[in-house]
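[1] Give me coordinates for this.
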Amino acid sequence: MNEDIELYYEKLKRYCDSEDRLTQYPSKKPMRILALIRIVQKFDATRKYTEKEVNQIIRDSITFSDIELIRREMFQYRLIGRLKDGSEYWVEPNWRTEYAEYL
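    Numbers count the residues shown, from 1 in each chain. The predicted structure follows:
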């Protein structure tokens, strides 16, 4: 793993509470990606999710209230995919390849 990424992992711990939930969303892109990766790893890549289920996983992973921001960012960074109407979500199959340097 790249030394910079290791430093970001250490810094990301400052953004988490004792239950390993994100207490605020980082402003730097590499730390945002790391934070989002921690959340997407809680999803089962073999199944589809409703928006309500996605929101619950996010809610359980953060202490602040902006669930929509996290969901939107996970989609924009191509960690999750969704139908246009938002009725179905899934983990993007190639996210690990795309973000291999962060793992």
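
[2] and F43, helix, strand or coil?
    Assigned state for F43: coil (three-state reduction, DSSP: H, G, I helix; E, B strand; the rest coil).

[3] Counting neighbours, what do you get for it?
    18 (other C-beta atoms under 10 Å). Heads up, the C-betas are built off the backbone N, CA and C, glycines and all.

[4] wait, what's in contact with it?
    By C-beta atoms under 8 Å, 6 or more residues apart in numbering, F43 lies in contact with 49, 57, 80, 91.

[5] residue closest to the middle of this structure?
    Nearest to the geometric centre of the chain sits L36, at 2.1 Å (C-alpha atoms, centre = their mean).

[6] Quick one, grab the pLDDT at it.
    In this model, L36 is scored at 97, pLDDT.

[7] right, and it touches F75 too?
    No - under the criterion of C-beta atoms under 8 Å, L36 makes no contact with F75, lying 10.0 Å away.

[8] Tell me the pLDDT of the residue nearest to I80 when sequence neighbours are not counted.
    Once flanking residues are discounted, I80 sits nearest to M74: 4.7 Å by C-beta to C-beta, 6 or more residues apart in numbering. As predicted, M74 sits at a pLDDT of 98.

[9] show me where this structure has strands.
    Using DSSP state E, the strands of the chain run over 80-82, 89-91.

[10] and stretch 59-77, how far out from the chain's middle?
    Stretch 59-77 sits 7 Å away from the centroid of its parent chain (C-alpha atoms, centre = their mean, to the nearest Å).

[11] end-to-end on that stretch?
    Taking C-alpha to C-alpha, to the nearest Å, stretch 59-77 runs 19 Å from one end to the other.

[12] Tell me which residues touch the residue nearest to I80, please.
    So M74 contacts 36, 39-40, 80 (C-beta under 8 Å, 6+ apart).

[13] Turn those into TSV, columns for distance to S61.
    Shown next, in TSV, are those (distance: C-beta to C-beta, whole Å):
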residue	distance to S61
L36	10
I39	5
V40	10
I80	13
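
[14] In these, which residue is surrounded by the most others?
    Neighbour max across the contacts of M74 (other C-beta under 10 Å) = L36, 25 neighbours.
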